[in-house]
Structures are given as C-alpha cells and as structure tokens.
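Novice: kindly return the folded structure for what I paste below:
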Amino acid sequence: MFKPMKLLAITSLLLLVSTFAFTAFCEDYSWEDHHESTSESDTTISSGSQGNSNPDSSHDAEITSKINQIDGTLLDVIADIREEDGLLSDNMDGLTTLVTQIKTPSGAKSVLAAMPETLDELLVLKNQMTSPEEKIRLETDIAELMVATEQLIELIDQSEPGIELLSGLFESLGPHYQDMDVKSITTKNMMNSAITMSNSVIKKAGTVELNWSGIEISDGRVFLTPDETTIQSAVSKAAETEALFETLLSTHIDQGLEEAVVSTFTLKVPQSLETAAKTGVVITESTFKTLKNHDIEHMNVDLGAANFGLSDKFIAEHEATDFEFHVSKDKALETGMDALPSDLSSVGAPVLDLSAKQNDNLNHAFNHPVQLTLELDYFDYEPKDQESLLIGRFNENTGIWEPVGGKYDPTTNTITVYRMHLSKYTVLKSEKSYSHIEDSWAKDQIASLTNKGIITNTEDFIASDDVTREEFAGWIAKAYGLDSATLESNFNDLNPDSPYYEAVKAAYEQGIISGGADDQFHPDSAITKEEMAVMITAAMKKYDYAVNTDSFELAAYENDLPEWALQSVEHVVENGIVDESYFASTGTVTKEEAAAILYQVYR
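Specialist: So this is what the prediction gives:
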C-alpha cells in the first residue's frame, strides 16, 4: 500500500544557539580548543574533513577514465586493471574491492552508471552456468557487491542523480533477485541493500541544511528561521521519492517492502556551526502536528556531532508541545580517570551533554526511544575494532560512566543507540576480556553484546545454560534503550531484587512482553524458541522498519508451531534473524543461542 504524497508545511520552526555559542562561533571557538589528543594504537585518522567533503582523488579519476575509455562493463575494467581476463570469481572480488575504494561523488556516479550493464552481463553468464554451486557463488558475489555499493550511494550528496542511478540499478538487479531462493541469507542481504540504498536517497531528498539568513538575537539566544518554501519543497520531494522507491522495489525486487521504505525529513544545522560549543533546535507545536498529519515516519535533528532521530510515535505524542534539543560539547575523557571504569577506555571523542525542553520545562525522559547517533567523523576517528566500540552514558547517581550499547555503521562512520532519556554521552572502547567463554561457538557475539552493556557476562556466565524469560526480556530492553517510567505491571511474580526487574518492567510498558492469564510472567522459566521469536518481533515492529514480503512462506513444519507464535516465527526468519530450520524442533534456548540471535537483531 502506497502512502499518498502530501505537502508538509512547517511553520515557526526555529534553530537556536545560545549567546555564548554564537560568540564562541564568531571567535572561532570550539570544543577542539580544549581537546586533549588521546593516542590509541588502533586509531586511524580519517582522510575526510568535517562535513565529509572529499576532493576528487587521482584514483577515482583514473577509474572514471577507464570506464569511459573501455567499450564494455565493469568486469572489462577489472580485467584491464588486472591485465588478464581471470576467473569470474576473482574479477567479482576485484570489482567489489574497487567499489569500496571509491571515495568521491564523481567516482561513485561513474561506477553506478556502469553497474546496470554489468549486472546484465552477469545475468547472461549466470544463465549459461550448469553447476548450481557456481550459480550460488555468483549470487553471493553479487550480494556482496550490492553491500559495497551502499557506500557509493552515500557519497552522492544530491537525491536527483541517486534516483536516476538506482532506478537503472534496480531494473537490472531485479532478474537476479527473482531467480534466487527467497529464503537464503544471500537473497535477504541483497534485499536489505536495496532498501538501505533507497532510504539513503529518500533521506537526501528530504534534507534541509539551515543557513544564516533571517538571523535574530533575542533574549540571550540567536534564532535562525529556516526558509519555509525550501522546507516545503524538501518534504514534498521526500514524499515523491518515497513513493517512487516503493514502486521500484515492488516492481523489481519484491512486494511488501513498503514498511521498510521510510519517509524521512531532516533538519541540519549549518556546517559552520557544527564545531560551536553549544547548539540547539526548537520544534514547535505546529511543526509536530504538521509532521503527524502528513504521515512523516521519521525526523532527524542533525546538530553535527549528535543526531536525534524521532519516530512517528514520538512525533504524535508531542504534537501539542514545543520541544527543544540541545548539545553542549566538552573535552574528551582521559583513560584511567576515576569516573571511567578500568574496562573502558577513551577514544578521544568529546563528551556531549544532551538535554531537552518541553514547553520551556526541562524534560530529559521520554515515553518513546529517541535514536541517538554520534558522528565519528566529527573528531576524525575510524575504528579498527568495531565490536568493542560503544556509547557510554554518565550515570549521575553513581558518578560512573557505563556502556549503553552502540551499533556502528561503517558506511557513514557513525554509532547509534536508542535512548529514552538524555544525559552526558560519549564514544568509548571496551577493554573487557572473555577467557571464560573461549569454548563457546558464540563467543564473538557474546563478547560484542557484553562490551556494549546489553548482556551481563560475569565469570559465572555459562554459555550453554538456558536463558530465562527475564534475562532475555532484560537483554531486549537494554538493546533498545528502554527505561521504565512507572515500574508498574500486571505481574505479581517479579522479584524487585532481581537485576532485571526494571528492564522487565520497561519491556512490559513498551508492549514487548506480556504475561499469562494468571498475571504471572514466570521470570525464572527457560524461554522457548517461540516465546523468544514473539519478543523479538514485538520489538522490531515497534522500533525497526522490518520487511513483510508477499513471496515468503515458512516450510511445511509450520503446522507444528503454535498459532500464537506463527507470525512472529515467520517475521524473524524472513528478516534474516535466524534460519527457519531452527524452528524445525521445539525447545528452550541457551544463552549462547540467544546472544547470537540478538546480535543479528542488534547489528
């Protein structure tokens, strides 16, 4: 079902910066003036400047020249570079490597323009193959190529060329997708890449970078009034682009991807303000109402170092209020300081003091999670060990920094968490060791989730033990940053002394879990596969944009599943969280199984 295209009229939306920040900006002051460099063995300095503007490199110019000179496809370009035809698998590896090395918009456009013809050639070659193994290998290579292609779309800063290039790409990618096993991980990866690239272009179409026109200093603040015509145009463009990609995906890829294509509107502060010490944005009551009335699914408030992502549920709840988001930047933490535990280290990121006001009153706690994204390019950091990277929050009650999660995106070099309240945040690195889980097949997934504070992994953590219902509910709650506002529930069997007590309450308040007819949650019972699928599906449908294609069907043994769990099992299988063979037998879930599955959800 396509959403109708509507025009969003945003009125009275003001960007504010404190007088201190404005003065600081004019004096070329930023947090960097007080930033103490932190050396770290695995730190790589990004070649890009703030704002991700990369000059044309000689490498990209050379590739563009070869594409223009060679009468053929990208495979011919690779063969020319390698000075031999080589095996198809080697050429595909070389092509994927070439794509990952492109760093400029012009290079990205050249490669993307040549991609449809290349996919057409690959289809011809695939149809000539007689070996099923060869076909599967080529499908896997193409899926990996599409994952690499995501960064090319990210490099293109205008939506118009992105729309044109992806239209051709999807038309040629479709026949490959239609010929693949809909249940394979390769197919899911290809579908997810198509969705990711679509949403990237939609986001660009709906982005407005505010400027300094209409500046006004009043009551100790600097106000910027954005050009309303520009905003209306951007929102209309985002709506048109969303409808276009819904059509393209349903025509060439699969039916039922509409929920995964997201209408996004972004307000971005001027690039010149991104290093100011204090910045903020005001979203007025009329703005929230207009966003809600026009079915905007997601709004980004991009303040440079930090980005606040607001869901349609957040927008609907605050339609009768004025709301402000603020970011104050301070110097980086020092490894070894008292407030930083020994198993956490600084990566040189600034401390960001995040705050909010509702109708001029401080309001740091929300009923719906805000998607908080921190920009690593802001302080020129590219991690080598992504799994140990995390976002830390300063706990004002304990005076200690603690991990609160963090999903790293290498394409944008950002790290994201869901949070229901604001405080001081920064990017940190885990220094934990895990010798006691060395024998677990899921040791990497357990370590990653433990690094981020999602699961509790102490020396008595036995990976092969069953995970209880309250443990997994607690893990889910921490993964999505859920907090309990009231600590109320209908359960009469929860133990207030349990380390998962508040997390279970939060999961209940958010509708992630429910109890039985006896008003009991049975927290100490081992969770079953079907119960776990129900919890995961409830969370994904509430906070993620998952797919529900028309072509997907479970295997014959779906008749053995309880009716109350059937849709949830189908959901986690279709979205690539777990293979359907996992549900061929019933039973409970071990901690290592649960960690590996939750890792798939989280990443």
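Novice: nearest residue to P341 other than its sequence neighbours?
Specialist: Spatially, and ignoring its direct neighbours in sequence, P341 is nearest to I400 (6.4 Å; Cβ to Cβ, 6 or more residues apart in numbering). Where you see a C-beta, it was placed from the backbone N, CA and C, and this is true even at glycine.
Novice: my guess is the one you found meets S342, correct?
Specialist: No: counting by Cβ atoms under 8 Å, I400 stays clear of S342, with 11.2 Å between them.
Novice: who has more neighbours, these two?
Specialist: Using other Cβ atoms under 10 Å as the criterion, I400 and S342 rank with I400 on top: 15 against 9.
Novice: next, the more buried one: phi, psi?
Specialist: phi -120, psi 140 (degrees, to the nearest 10).
Novice: swap in the one 10 residues further on?
Specialist: Backbone geometry at P410, expressed as degrees, to the nearest 10, gives phi -70, psi -20.
Novice: ok, it - how many residues close by?
Specialist: Using other Cβ under 10 Å: P410 sits among 13 other residues.
Novice: okay, now the unreliable bits of the stretch 151-300 of the chain?
Specialist: Within the stretch 151-300 of the chain, the stretches with pLDDT under 70 are 212-228.
Novice: switch to 50 and redo it
Specialist: For the stretch 151-300 of the chain, the stretches with pLDDT under 50 are 218, 220-222.
Novice: and the contacts of stretch 466-478?
Specialist: 404-405, 449, 453-455, 482, 494, 498-500, 503-504, 506-507, 510, 512-513, 521-527, 531-532, 535-536, 539, 588-591, 593-594, 598 (Cβ atoms under 8 Å, 6 or more residues apart in numbering).
Novice: list only buried entries from those.
Specialist: Buried subset of those (neighbour count, 16 or more other Cβ atoms under 10 Å): 404-405, 449, 453-455, 482, 494, 498, 500, 503-504, 506-507, 510, 512-513, 521-523, 526-527, 531-532, 535-536, 539, 588-591, 593-594, 598.
Novice: just these: which are in helices?
Specialist: Among those, the members falling in helices are 449, 503-504, 506-507, 531-532, 535-536, 539, 591, 593-594, 598 (criterion: DSSP state H).
Novice: which of the residues you listed lies closest to A239?
Specialist: Closest to A239 out of those is A539 (27.9 Å), distances taken as Cβ to Cβ.
Novice: helices along the stretch 1-150 of the chain, start to end?
Specialist: 19-26, 58-69, 74-82, 88-101, 105-128, 132-155 (DSSP state H, counting those that start in this stretch).
Novice: just to revisit the earlier point, what's the farthest-apart pair in the ones in helices among the buried ones among the contacts of stretch 466-478?
Specialist: Longest span within these, Cβ to Cβ: A506 and E593, 23.5 Å.
Novice: quick one, grab the pLDDT at the closest residue to W441 other than its chain neighbours.
Specialist: Leaving aside its sequence neighbours, W441 sits nearest to E592 (Cβ to Cβ, 6+ apart; 6.6 Å). The model reports E592 with a pLDDT of 95.
Novice: do the same with Y543
Specialist: For Y543, pLDDT reads 88.
Novice: got a list of what the residue nearest to W441 touches?
Specialist: S440, W441, A442, Q445, I446, A463, S464.
Novice: put the buried members of those into a PyMOL selection.
Specialist: Selection of buried members from the contacts of E592 for PyMOL, criterion 16+ other Cβ under 10 Å:
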select buried, resi 440+442+445+446+463
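Novice: so which of the contacts of E592 sit within strands?
Specialist: Among the contacts of E592, no member falls in strands (DSSP state E).
Novice: for N300, give me phi and psi.
Specialist: phi -110, psi 130.
Novice: was I right about it contacting G309?
Specialist: Yes: counting by Cβ under 8 Å, N300 does reach G309; the two are 5.5 Å apart.
Novice: spatially nearest residue to I462 (excluding sequence neighbours)?
Specialist: K591 (7.1 Å).
Novice: over to M146?
Specialist: Closest to M146 by Cβ to Cβ, 6+ apart is S193, at 3.9 Å.
Novice: which residues does the one you found contact?
Specialist: Taking Cβ under 8 Å, 6+ apart as the test, what S193 contacts is A143, M146, V147, T149, E150.
Novice: poorly predicted segments of the protein, please.
Specialist: 1-54, 218, 220-222.
Novice: go with 70
Specialist: Looking at the chain by pLDDT under 70, you get 1-56, 212-228, 457, 459, 485-488, 515-517, 549-551, 556-558.
Novice: the strands in the stretch 151-300 of the chain, which residues?
Specialist: 207-209, 215-218, 221-224, 264-268, 278-283, 298-302 (DSSP state E, counting those that start in this stretch).
Novice: in its sheet, what does the last one sit against?
Specialist: The reference is to strand 298-302. Applying DSSP bridges, strand 298-302 is found paired with strand 264-268 (parallel), strand 306-311 (antiparallel).
Novice: contacts for the first one?
Specialist: The one in question is strand 264-268. Residues contacting strand 264-268 (Cβ under 8 Å, 6+ apart): 8, 13, 15, 199, 202-203, 206-210, 226, 234-235, 238, 281, 291, 296-302.
Novice: same check, this time on stretch 74-85
Specialist: Residues outside stretch 74-85 that contact it (Cβ under 8 Å, 6+ apart): 63, 66-67, 70, 86, 88, 90-91, 94-95, 98, 111, 114-115, 118, 121-122.
Novice: tell me which element V370 falls in.
Specialist: Taking DSSP states H and E as the definition, V370 sits inside strand 365-375.
Novice: list the helices and strands the helix or strand that that strand is followed by packs on?
Specialist: Downstream of strand 365-375, the first helix or strand assigned by DSSP H and E is strand 382-383. Under the contact definition 3 or more Cβ pairs under 8 Å, 6 or more residues apart in numbering; DSSP states H and E, strand 382-383 sits against strand 43-44.
Novice: would you put the C-alpha positions of stretch 201-210 in CSV?
Specialist: This file holds the C-alpha atoms of stretch 201-210, laid out as CSV (Å, rounded to 0.1, in the frame of the first residue of the first chain):
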residue,chain,number,x,y,z
VAL,A,201,18.3,8.7,-1.3
ILE,A,202,15.0,9.5,0.4
LYS,A,203,16.8,11.0,3.3
LYS,A,204,18.9,13.2,1.0
ALA,A,205,15.7,14.3,-0.8
GLY,A,206,14.2,15.4,2.5
THR,A,207,17.2,17.2,4.0
VAL,A,208,17.3,20.9,4.6
GLU,A,209,20.6,22.5,5.7
LEU,A,210,19.7,25.6,7.6
